[in-house]
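Just a sequence and a predicted model for now, questions to come.
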Amino acid sequence: MKRRGWYVLLSVGIVGAMLWGAGHSFSSQNNSQVTTLTNVSYDPTREFYEAYNADFSKYYKERTGKDVEIHQSHGGSGNQARAVVEGFDADVVTLALAQDVNLLQKVHLLDPSWESQLPNYSAPYTSTVVFLVRKGNPLQIKDWSDLVKPGVRLIAPDPKSSGGACWIFLAAYAYGEGPNNDTAKGNDFVKKLYNNVTVMDAGARASTTTFVENKQGDVLLAWENEAKQIMEHYPGEYEIVMPSVSIVAEPSVAVVAEIAKKHGTYDVAHEYLVAHEYLAHLYEPDSQRLIAKYGFRPTNPDVMKEVAAKYPTPARMVTIRDFGGWSAAYERFFVDGALFDTIRDE
């Protein structure tokens, strides 16, 4: 992977995949030896799925003697979900949070029980929220409280379009309200935090570009896996700060059943009982090791033990269940007129 190449594909890749998706035909309908699959995902999974798709294609060829081609599209998770709702053909979605996947279920593109059809709430890997600072940590950022000090310039994605941004907001809120769930303190803290956000991009990868490529801001609020990728590809230039409070971010995967059935790819994409195909194969130990290689946290406990030293745990880790689940959290914080809009309008 070339340094600059990691970023410049953002808009080109999304547009190219969308144009391809609008006009492609599925080879499985014309040639029984080839199946074409489209994975609509969020920004920071780009490199992982490039590697995983090659791995799965090899596995599938060895198991069946047939070829499978996987195409991928990336963008802000919320925007990606809306694109599928509006007609972009996706066989599977691998999005940043269950709420985005549920948008598809509301328009009957998914089985209503999608979240229970694969282990761990259909989240084959997790991540968390960290801070990325420049080498030497010139502002001595150590925890969330340092981010609300005057003059600290934050870079973060927008919860209106980015799933990662929603996880960031919830982690910040959990810190602000404290273990006693003080709503007033939580509200006040996120207001102060977002007052210090100087650039709010549509997606997590765009925020990475702003911070790394364009050299803006003092702190990037980021997915842990994204921060690890930056550390690997820009050695000696950045440091990761793990805050005292963070969140178990659970990116969700699901087959877009109605589209996949139409294309003849339903079994390839989803049938958990038929050879652990595309999504189920993510849970296999070798796939879990590949997941860890790209900075995500494996959900397989044995694989996680192998790599645990690379994944420090904050003093307090909340989950989406602490907020009553995604439906309740979204209604409380992110719908039009909810708390996020309120603090941004003040």
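Looks like it came in fine.

Hmm, residue 97 and residue 327 touching each other?
No. Between residue 327 and residue 97 there is no contact under C-beta atoms under 8 Å: 11.5 Å. (Glycine included, C-beta is placed from N, CA and C.)

which of the two has more neighbours?
residue 97 (26 against 12; other C-beta atoms under 10 Å).

Spatially nearest residue to that one, not counting backbone neighbours?
residue 163 (4.4 Å; C-beta to C-beta, 6 or more residues apart in numbering).

So the one you found sits against residue 93, correct?
No. Between residue 163 and residue 93 there is no contact under C-beta under 8 Å: 11.2 Å.

Give me the common contacts of those two.
residue 100 (C-beta atoms under 8 Å, 6 or more residues apart in numbering).

in this protein, which ranges drop under the pLDDT threshold?
The chain contains residues with pLDDT under 70 at 1-33, 260-261, 263-276, 345-346.

ranges for the strands of it?
34-42, 67-75, 92-95, 125-126, 129-134, 154-157, 197-201, 219-223, 238-241, 245-247, 252-255, 297-298, 316-318 (DSSP state E).

The closest residue to residue 119 other than its chain neighbours: how many residues sit nearby?
Using C-beta to C-beta, 6+ apart and skipping the chain neighbours, the partner closest in space to residue 119 is residue 283 (6.1 Å). Neighbour count of residue 283, defined by other C-beta under 10 Å: 20.

so what's residue 283 up against?
By C-beta under 8 Å, 6+ apart, the neighbours of residue 283 are 118-119, 124, 276, 299-300.

Top of those by number of neighbours, please.
Going by other C-beta under 10 Å, residue 124 tops those with 25 neighbours.

Run through the residues that contact the spatially closest residue to that residue that is not a sequence neighbour.
The shortest distance from residue 124 to any non-neighbouring residue, by C-beta to C-beta, 6+ apart, is to residue 282 (3.9 Å). When contacts are counted by C-beta under 8 Å, 6+ apart, residue 282 touches 52, 124-125, 253, 288, 291.

got the residues you listed as a markdown table, with distance to residue 191 columns?
Output for the contacts of residue 282, formatted as a markdown table (distance: C-beta to C-beta, whole Å):
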| residue | distance to residue 191 |
| --- | --- |
| 52 | 39 |
| 124 | 35 |
| 125 | 32 |
| 253 | 34 |
| 288 | 39 |
| 291 | 35 |
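
Which of these sits closest to residue 332?
Nearest to residue 332 among the contacts of residue 282 is residue 253, at 25.2 Å by C-beta to C-beta.

Could you pull out the helices in the stretch 1-150 of the chain for me?
Using DSSP state H, counting those that start in this stretch, the helices of the stretch 1-150 of the chain run over 5-23, 46-64, 77-85, 98-106, 119-122, 144-147.

Can I get these in JSON lines including distance to residue 200?
JSON lines is the format used below for the helices of the stretch 1-150 of the chain (distance: least, C-beta to C-beta, whole Å):
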{"stretch": "helix 5-23", "distance to residue 200": "16"}
{"stretch": "helix 46-64", "distance to residue 200": "21"}
{"stretch": "helix 77-85", "distance to residue 200": "14"}
{"stretch": "helix 98-106", "distance to residue 200": "18"}
{"stretch": "helix 119-122", "distance to residue 200": "28"}
{"stretch": "helix 144-147", "distance to residue 200": "14"}
